[in-house]
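# predicted model follows, preceded by the sequence.
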Amino acid sequence: MWRLFKIIVSILKGLLWLAVVLLVACMAVLYLLERGLPAPLLHRLESALSNEDRFVRIERATFSLKRGIQLHRVKAFPKRVAGQALVSVDEITVDLALSPGLDASKRIRGVTLKQVVLPDLPPEQEESQELPELPVLAPFPLRVKQADILGIKADYLTATVATSATRVDVTEVVVYLPNPSFKLKVDGQVTIDLQAQRVYGRAQGQAFPDNLMPLFRILKARGAIEQISCFTEIKRPVDAHYTFDVDIETTDFAMRLDVDVGPCAYRTVPIAFARGTLGIYGTNIYTSVVIDPLSAQTADGAPIQGRLAYIEEVEGLKVEADTTMHIPPLFTIINILNEGELDCIRCTRPPTLSARGIVALSTTESTVTNQLSGKVSFPAGSILNFEARETTGDFTLAGYQARFSNVRGTSPSGGAITGEVTFDFPDYAATATVFNAALDMRNVALEEISQAFNVTNDRAGQVSGKIQLNGPLDERTIEHLAGEGHVTIRNGVIHRMKIFAGLTDYLTRTVPGISSLVDQSSGSMDFTIRDGVLHTDNLLLEGNIFSISGKGTYNIATDKLDFTVRANIFKQKTIAGRISRLITLPFTRLLLEFKVFGELENPDWSYVSIIEKITEGLAKPEQADAPKTETP
């Protein structure tokens, strides 16, 4: 009996252990086994997630104690419109807490999404439509693997999500952006307020402009795209602190970024760094981009400080800038006069410039004209081939004209130069640029003026006077040069100037030792220039003993002289000169008159003989007395 009892107990123990094993096995199977949700339950879930504007489709759904609820290939489509999915998720996993007595809002322990695609903002809803009421959920962790949200791609995203009836708070956001060379990480938070129809938040981290450009395209922020596209060759990720506010209904947005851009290029100009606060504001029509303050430095070390504001509505750029950099890269940065319109202004060292105003960024789309004003100074350079030092001036850019006024500078020899220069460039055509210069010179070296006209003859003396010049800025500037003026020369050395070599040789042969008496000289003349030909009727050069008067023309382009000059005894404006001129007038007219022609470097001095003068004198009366033929 006892043995039978022991057998029965052993059998019961075995059955109990078998039941335990079977129970554990069942629990393990239930924990690991994924079972598909019944079709009616799946349809009810789709209907619950759909509304009057969209419908949701779920390819299949499964449940397991280990993974929770899994929804596969979930897509939301707009109703009454054939188009792409509003949002699609390859897989949604909801980890549920099944503890009894737990509040429903706390049963979600986490959500994981894979392959999320949100290609565009939600479509505009009708005003009369009631706002959807969201379930109230306690904060839970969210994990996203591979996402493309409004064009911004992410390899991985983690966050904490909490919802109320009309609000979604996404905090502790960490986004890892794809990049083969750098680990790009962005932290932040986002709030979706359905009551106010707003999405707003903040973020900070590192990214490249290419990471954000798709978002600006979706927001139709053409202005932001154009300005950000100007940055190229970015060497390292951009450090940024970012706040944003988007109106879901109208897509109006406001973004503010504190950025630090490393080595890069802006409109092809190498930049060492650019720092500032970037504000991007847009409506569904126009965008404006404001950089205030802006602090940058070119790769050459030139600083740039100020404020820039791009206004898409007028396709214009408001500028407030102070910089010390060369003019061509500066014009390239602000995208104006970068076709060589002002190439005649050259600086051997970077000029200092301040500018305020607005510039037109497009010759076809801008509704504003260029209106810039400011001050410029450069330590060394040239204007229209006139070399200058320590030059300062005011400038204005209005429409198709640039004007430099109150210009003050010194020549390399120390002479003073003042005046103004105006450049006109119809339709910003560099080949059609015309200049007009009015200059006042004091004690400028004659050789420096000669170099400005590409004349290389040796000259000595200091020039003072007023000159007005105008002409086109092309390869034929000299041929079309025009102007007028009055100049005086002092401290010139006649016998050392090749142009007067013929005269000094003649005087030396005629009067030995006379060259030592004409060492120092001064001069003056009024002149006009037409099509590159200088004309004067009152050239006067004076030495210690002799003075030279003349008239004629000089073709600057072809380097051809055609002058008649006369040497007079004593200076013209002295008492001795006046008396001697009365006494020696016949002598000087007959014996000291020359024709000067040929090149300025080596002119020919042709003495006008007495016979030529007499013949010329007799020819004139004969021509006057010749009988006139009457017409019957």
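Here it is on my side, so go on.
# Ser354 versus Gly301, what's the distance?
As for Gly301, its distance to Ser354 is 19 Å (criterion: C-beta to C-beta, to the nearest Å). (Each C-beta comes from the backbone N, C-alpha and C, glycine too.)
# more neighbours: which of these two?
Ser354 (16 against 10; other C-beta atoms under 10 Å).
# right, and the helix or strand after the one helix or strand that one maps to?
Using DSSP states H and E, Ser354 sits within strand 352-360. Next helix or strand after strand 352-360 toward the C-terminus (DSSP H and E): strand 371-383.
# does Leu45 touch Ala61 like I think?
Yes: counting by C-beta atoms under 8 Å, Leu45 touches Ala61, with 7.0 Å between them.
# and for those two, which residues touch both?
Leu37 (C-beta atoms under 8 Å, 6 or more residues apart in numbering).
# below-threshold pLDDT in the stretch 1-150 of the chain: ranges please.
1-9, 12-15, 18, 20-34, 65, 122-132 (pLDDT under 70).
# quick one, helices of it?
For the stretch 1-150 of the chain, the helices defined by DSSP state H, counting those that start in this stretch cover 2-32, 39-49.
# can you tell me the closest non-neighbouring residue to Gln189?
Closest residue to Gln189 apart from its sequence neighbours, by C-beta to C-beta, 6 or more residues apart in numbering: Thr171 at 4.6 Å.
# run a quick neighbour tally on that neighbour.
The tally of other residues near Thr171 (other C-beta under 10 Å) stands at 14.
# helix/strand/coil for it?
With DSSP: H, G, I helix; E, B strand; the rest coil as the basis, Thr171 sits in strand.
# just checking, it touches Ala159?
Yes: assessed by C-beta under 8 Å, Thr171 is found in contact with Ala159 at 6.8 Å.
# average pLDDT for the strand holding Ser354, rounded please.
Mean pLDDT, computed over strand 352-360, is 92.
# can we start the residue count at 15 from this point?
Fine by me, first position is 15 from now on; the one you just mentioned is strand 366-374.
# so what angle separates the directions of it and strand 385-397?
130 degrees (axes from the mean of the first three to the mean of the last three C-alpha atoms, to 10 degrees).
# what helices and strands are in contact with strand 366-374?
With contacts taken as 3 or more C-beta pairs under 8 Å, 6 or more residues apart in numbering; DSSP states H and E, strand 366-374 sits against strand 330-338, strand 385-397.
# make a markdown table out of those and add distance to Thr406 and mean pLDDT.
Shown next, in a markdown table, are these (distance: least, C-beta to C-beta, whole Å; pLDDT from 0 to 100):
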| stretch | distance to Thr406 | mean pLDDT |
| --- | --- | --- |
| strand 330-338 | 14 | 92 |
| strand 385-397 | 4 | 92 |
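# same list, those strands, but as TSV with mean neighbour count and distance to Thr378 please.
Below are these laid out as TSV (neighbours: other C-beta atoms under 10 Å; distance: least, C-beta to C-beta, whole Å):
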stretch	mean neighbour count	distance to Thr378
strand 330-338	19	13
strand 385-397	18	19
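# need those in TSV with distance to Leu344, can you?
Converted to TSV, these look like this (distance: least, C-beta to C-beta, whole Å):
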stretch	distance to Leu344
strand 330-338	6
strand 385-397	10
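# Ala210 is nearest to which of the ones you listed?
Nearest of the helices and strands packed on strand 366-374 to Ala210, taken as C-beta to C-beta: strand 330-338 at 31.4 Å.
# residues making contact with the closest one?
308, 316-325, 344, 348-349, 364-375, 380-382, 386.
# so in the protein, where's the weakest helix or strand by average pLDDT?
helix 589-605 (a mean of 46; mean pLDDT, DSSP states H and E).
# and the helix or strand just after that helix, what's buried?
Per DSSP H and E, the first helix or strand lying C-terminal to helix 589-605 is strand 607-612. Neighbour counts over strand 607-612 (16 or more other C-beta atoms under 10 Å) mark Glu607, Phe608, Lys609, Val610, Gly612 as buried.
# stretch 72-84 too?
Of all the residues in stretch 72-84, those buried under the rule 16+ other C-beta under 10 Å are Ile72, Ala75, Thr76, Phe77, Arg81, Gly82, Ile83, Gln84.
# count of neighbours near the residue nearest to Gly566 when sequence neighbours are not counted?
Counting by C-beta to C-beta, 6+ apart, Gly566 lies nearest to Phe577, which is 3.2 Å off, once chain neighbours are set aside. Phe577: 18 surrounding residues under other C-beta under 10 Å.
# a strand runs through Phe577, doesn't it?
Yes: the assignment for Phe577, made by three-state DSSP, places it in a strand.
# which stretches of the stretch 315-464 of the chain have low pLDDT?
442, 444.
# mind jotting down where the helices sit in it?
Residue ranges of the helices in the stretch 315-464 of the chain, as given by DSSP H, counting those that start in this stretch, are 341-347, 460-466.
# Asn193 is nearest to which of these?
Across the helices of the stretch 315-464 of the chain, Asn193 has its closest neighbour in helix 341-347 (27.6 Å, C-beta to C-beta).
# in that closest one, what counts as buried?
Ile341, Pro342, Pro343, Leu344, Phe345, Ile347.
# which helices and strands does it pack with?
Using 3+ C-beta pairs under 8 Å, 6+ apart, helix 341-347 is in contact with strand 283-296.
# ok, now which ones touch the closest residue to Lys167 other than its chain neighbours?
The shortest distance from Lys167 to any non-neighbouring residue, by C-beta to C-beta, 6+ apart, is to Pro192 (5.7 Å). Going by C-beta under 8 Å, 6+ apart, Pro192 touches Lys167, Ala168, Asp169, Leu198.
# those residues, buried ones only, as a PyMOL selection?
Buried residues within these, by 16+ other C-beta under 10 Å, are selected in PyMOL with:
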select buried, resi 168+198
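# now tabulate the contacts of Pro192 in JSON lines and tack on distance to Thr447, pLDDT and secondary structure.
Shown next, in JSON lines, are these (distance: C-beta to C-beta, whole Å; pLDDT from 0 to 100; DSSP: H, G, I helix; E, B strand; the rest coil):
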{"residue": "Lys167", "distance to Thr447": "48", "pLDDT": "91", "secondary structure": "strand"}
{"residue": "Ala168", "distance to Thr447": "51", "pLDDT": "93", "secondary structure": "strand"}
{"residue": "Asp169", "distance to Thr447": "53", "pLDDT": "93", "secondary structure": "strand"}
{"residue": "Leu198", "distance to Thr447": "47", "pLDDT": "93", "secondary structure": "strand"}
